[in-house]
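> heads up, no residue letters with this:
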């Protein structure tokens, strides 16, 4: 915790790629409350654009977005060496072989599971 009661120390920047606005807001709120800075994006194109301009310490990716699957973002994160996890309602078998070792949190999920995945990613466990 920081010197201010109830405000956690900064933990890192987390990219959130989720096209359902309410769910994205929940992700951002939970991740921010845990001390991270969360940057929401709502599409494949938005996420790729933000990745070209900003550094992230980890990412949470929904798989099916309105403008395609998230795998080009996952590929870019892997190229950058940025750990990430999938948080999706699709079957984990849909994940390409090249990303099968990436943590997968199935929707619906418990908030604790999402935060554990983000923490593990930040510590290099993803």
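Arrived safely, thanks for sending. Small disclaimer: the values here were computed from a predicted structure and weren't measured.

> so where's this structure uncertain?
Scanning the chain for pLDDT under 70 picks out the ranges 1-10, 124-126.

> could you say which helix or strand holds residue 31?
Under the criterion DSSP states H and E, the helix or strand holding residue 31 is helix 21-33.

> which other residues reach that helix?
Identification of contacts with helix 21-33 by C-beta atoms under 8 Å, 6 or more residues apart in numbering yields 8, 14, 16, 18, 38, 40, 42, 60, 62, 87, 111, 114-115, 118. Quick note: C-beta positions are derived from backbone N, CA and C, even for glycine.

> check stretch 114-126 too.
With C-beta under 8 Å, 6+ apart as the test, stretch 114-126 has contacts from 11-12, 14, 27, 30-31, 34, 36, 57-60, 83-85, 87, 102-103, 105.

> ok, now with 10 Å
With C-beta atoms under 10 Å, 6 or more residues apart in numbering as the test, stretch 114-126 has contacts from 11-12, 14, 16, 26-27, 30-31, 33-34, 36, 38, 57-60, 82-87, 101-105, 107, 109-110.

> go through those residues and flag which are in helices.
Of the positions in those, 26, 27, 30, 31, 33 sit in helices, assigned by DSSP state H.

> the contacts of helix 21-33 into TSV, with extra columns for distance to residue 96?
TSV is the format used below for those (distance: C-beta to C-beta, whole Å):
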residue	distance to residue 96
8	35
14	23
16	21
18	20
38	26
40	24
42	22
60	18
62	15
87	17
111	27
114	22
115	26
118	22
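
> which single one of those residues is nearest to residue 70?
When those are compared for distance to residue 70 (C-beta to C-beta), residue 62 wins out at 6.3 Å.

> and the closest residue to that closest one other than its chain neighbours, how many residues sit next to it?
Computed as C-beta to C-beta, 6 or more residues apart in numbering, the closest residue to residue 62 that is not its neighbour in sequence is residue 18, at 4.5 Å. Look at residue 18: counted by other C-beta atoms under 10 Å, it has 25 neighbours.

> am I right that residue 18 is in contact with residue 73?
No. Using C-beta atoms under 10 Å, residue 18 is not in contact with residue 73, being 11.6 Å away.
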